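A.B. asks: the sequence isn't on hand, but the structure is:
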């Protein structure tokens, strides 16, 4: 009869269930999005068209000519067939894989490595909700990293079970063949090719005490090592420099030549087989002459070298203990967040570094003295350290997935298994209770940080498609209101995504833009209809339902706004012009209630029951500011979205300010104060006074509004949004300022920008354009440079600055142009994208290579 489950375990499971529910709630809003994010908006149709237009063999070959592998193409093709273009389904699958990996991790620790329930349970939950790597499972593009760990945990569970059953042939054979079967699937993953064979080899050498058994096990698992040679061999035959595995096979290409030849794969196979059997011969000779612990002692000493490089664990520990420091970083543009190691300047960080070294020492002591199976985590640690060494100061957060198991195991072994050994039984019980509560609290912090980051960066994933999402959602709501979702729709005024122009001859050469128009895909997802009769044209037929897109919202065929906020907002201004203040107040009340699409998009409406509305609005304002303050300059579509976001934010702020005035006049002081506080998040006092749509400011009957704003000047002193007209950049002695959707450049010695002075032509040299890039072009065209420091070193124009990964970067003027090598040699040929700096170009290429 099985013994009953201890009460403390039941309590831990109960708290774990609460954490799982909180975790699901934190990412649920991400899953609820049905429309594809910018990356998948072109990538999913791209994969689908590759499969449709090519036979199986050609499809497989094409998947290996960039940064994809066979398993990547098959996985996304399966998702498209299962979920279509529903983004939520793609995220759900990634989250499910992450949950499965967590369960496998727990089984590996508890059943195969024989760690305690407390250690295994806590480690699994740290791996599950650790903030550092959450981008991996909420960004479908990173699914291949999840597959690496699925196969890593699965194969190790099967391998260790088979290893424990050696001598019991009936049971051993079953697990042996299952291990080989999973290894075949894992061999199609880039990182699995390296990590899994190395891990199993180290385990054989380190965890086996008898030299004869080491040789026997190595011989027994030679088929597994051979399996991981097959796929690279095939890729080697099919590809060359610049292909997906060229980073790993580069030296072999250099030896065997770059031209395709059947002898290439034969040479590779011969070399690998010779190496495997030669190593067995060397291993046999070595083990016959040395004592039993010779290899064990070498690996143990090498493992101690990890104490000299605790940087990875230290970084993960800092993020885990206080994740908000990363979640609140200003850079909200990167869905694959760049994370840098904390500085050791403060005593607290120095103490954390020392604690990290002590934790790692405890882990290594247990590994060497008590549980040799823990050697399986050393290759993972080495892999993560190598990521740090190749990615500079900032490490993309998705790579912290490889450090999460080491963090969780080292933390739990040192704090749950080692530290209690020096405590008395009475103190030990209290310590474990306090530690469990502390871990639960920290895990909850990580979940909260994940939700916070997702809320703040929700629009980031649609930096090229936000207008499409808004337009489609507004049209959907209008069709629902009118009770007619069928019929022919015609849309005018849409802005194309730039890759439709610049990437046709590059990575999207197979993309059918007529069939898979990005807006059509988003509208299909939002309407939840497979087939829609849609025309995108400037001139529409009379029989169709016509929608016109302006700079900030959607209009019907009569030129009236169909977005509820703007319908009421414009009605309020009309009533103000007629002097009907009561009707204007009613319209403003409805406008503030409905809110512009942007405010609803970045605010979590489901959280209004637990969070005050002003807190949610402050989060929304923070997101909006970060978006338009950090968008790339010079991109026509991004500047269009930039302007749309600014207009929505300012219009909502103005509506809230006007309604606050009316509420104050009616003695609703509390409501008035709350609305004015909300308005201050989106507009400065000066912006309200100079509001461009304010057509009735000279009306004496409404002059009290200005007095109302002046009297509440203190409210605007804490606002988040920068006042329009402040400097956003300096360039060649010019201040570049933003004001009402335009960028103005004036010499620094002219002082603060004033629209009145500009209109009265008081500035000697003042340039204006829709983008910062165009303003700079105007300054350069006249050869003006008012800066005091001149003659700084610059790259020579026309020189190739970077030639890697199938791309070539060339500088022309102040712009950096990336071409598809080797055909691109000058501006206009095979242009893939352009950037403002070499660093920016490298970041884009790094994104391609890291997918």
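C.D. replies: Sure thing, it's come through. Being a predicted model, the structure only gives us computed values, none of them experimental.
A.B. asks: domain assignment for this structure?
C.D. replies: Using automatic domain parsing, the domain parsing of the chain gives 466-555, 564-716, 727-781, 800-850.
A.B. asks: which of these comes out lowest on mean pLDDT?
C.D. replies: For these, the weakest mean pLDDT is recorded on domain 800-850, namely a mean of 61.
A.B. asks: just say helix, strand or coil for residue 652.
C.D. replies: helix (DSSP: H, G, I helix; E, B strand; the rest coil).
A.B. asks: so who does it touch?
C.D. replies: By Cβ atoms under 8 Å, 6 or more residues apart in numbering, the contact set of residue 652 is 565, 592, 595-596, 598-599, 682. Every residue, glycine included, has its C-beta placed from N, CA and C.
A.B. asks: any idea how many residues pack against residue 450?
C.D. replies: As a burial measure, residue 450 scores 23 neighbours (other Cβ atoms under 10 Å).
A.B. asks: so where's the stretch 201-350 of the chain uncertain?
C.D. replies: By pLDDT under 70, the weakly predicted segments of the stretch 201-350 of the chain are 236-269, 289-292, 329-338, 340-341, 343, 345.
A.B. asks: would you state the helices of it in chain order?
C.D. replies: In the stretch 201-350 of the chain, the helices defined using DSSP state H, counting those that start in this stretch lie at 211-220, 222-238, 246-256, 262-289, 294-303, 311-321, 324-327, 347-369.
A.B. asks: closest to residue 774 among the contacts of residue 652?
C.D. replies: Nearest to residue 774 among those is residue 598, at 25.0 Å by Cβ to Cβ.
A.B. asks: leaving out chain neighbours, which residue sits closest to the closest one?
C.D. replies: Setting aside the residues directly before and after it, residue 598 is nearest to residue 648 in space (Cβ to Cβ, 6 or more residues apart in numbering), at 4.2 Å.
A.B. asks: quick check: residue 732 touching residue 787?
C.D. replies: Yes. Under the criterion of Cβ atoms under 8 Å, residue 732 makes contact with residue 787 at 5.1 Å.
A.B. asks: what helices or strands is the helix or strand harbouring residue 74 leaning on?
C.D. replies: Using DSSP states H and E, the element containing residue 74 is helix 70-83. On a contact count with 3 or more Cβ pairs under 8 Å, 6 or more residues apart in numbering; DSSP states H and E, helix 70-83 meets helix 38-53, helix 56-63, helix 87-107, helix 143-164.
A.B. asks: the same query, at a cut-off of 6 Å, please.
C.D. replies: Counting contacts by 3 or more Cβ pairs under 6 Å, 6 or more residues apart in numbering; DSSP states H and E, helix 70-83 packs against helix 38-53, helix 56-63.
A.B. asks: out of these, which comes closest to residue 339?
C.D. replies: Nearest of the helices and strands packed on helix 70-83 to residue 339, taken as Cβ to Cβ: helix 38-53 at 20.3 Å.
A.B. asks: which residue ranges of this protein form strands?
C.D. replies: Counting by DSSP state E, one finds strands in the chain at the ranges 338-340, 394-396, 488-492, 533-536, 545-549, 554-555, 727-731, 734-739, 742-747, 767-769, 800-804, 807-812, 815-820, 831-835.
A.B. asks: now the third one: buried residues?
C.D. replies: Just to be clear, that refers to strand 488-492. In terms of neighbour count (16 or more other Cβ atoms under 10 Å), strand 488-492 has its buried residues at 489-492.
A.B. asks: list the buried residues in the longest helix along the chain.
C.D. replies: Assignment by DSSP state H gives helix 425-456 as the longest helix of the chain. Neighbour-count burial for helix 425-456, counted by 16+ other Cβ under 10 Å, picks out 431-432, 435-436, 439-440, 442-456.
A.B. asks: ok, back up a step: can you tell me which of the contacts of residue 652 is nearest residue 204?
C.D. replies: Among those, and counting by Cβ to Cβ, the member closest to residue 204 is residue 598, at 57.7 Å.
A.B. asks: would a markdown table of the buried residues of strand 488-492 with distance to residue 18 be doable?
C.D. replies: Shown next, in a markdown table, are the buried residues of strand 488-492 (distance: Cβ to Cβ, whole Å):
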| residue | distance to residue 18 |
| --- | --- |
| 489 | 46 |
| 490 | 51 |
| 491 | 46 |
| 492 | 51 |
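A.B. asks: still on that earlier bit, got a list of contacts for the helix holding residue 74?
C.D. replies: With contact meaning Cβ atoms under 6 Å, 6 or more residues apart in numbering, helix 70-83 is reached by 44, 47-48, 51, 60, 63, 89-90, 144, 188.
A.B. asks: reformat these as TSV; add distance to residue 579 and pLDDT.
C.D. replies: What follows is the contacts of helix 70-83, written out as TSV (distance: Cβ to Cβ, whole Å; pLDDT from 0 to 100):
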residue	distance to residue 579	pLDDT
44	54	81
47	60	82
48	58	82
51	64	81
60	72	76
63	68	75
89	54	87
90	54	89
144	64	88
188	73	84
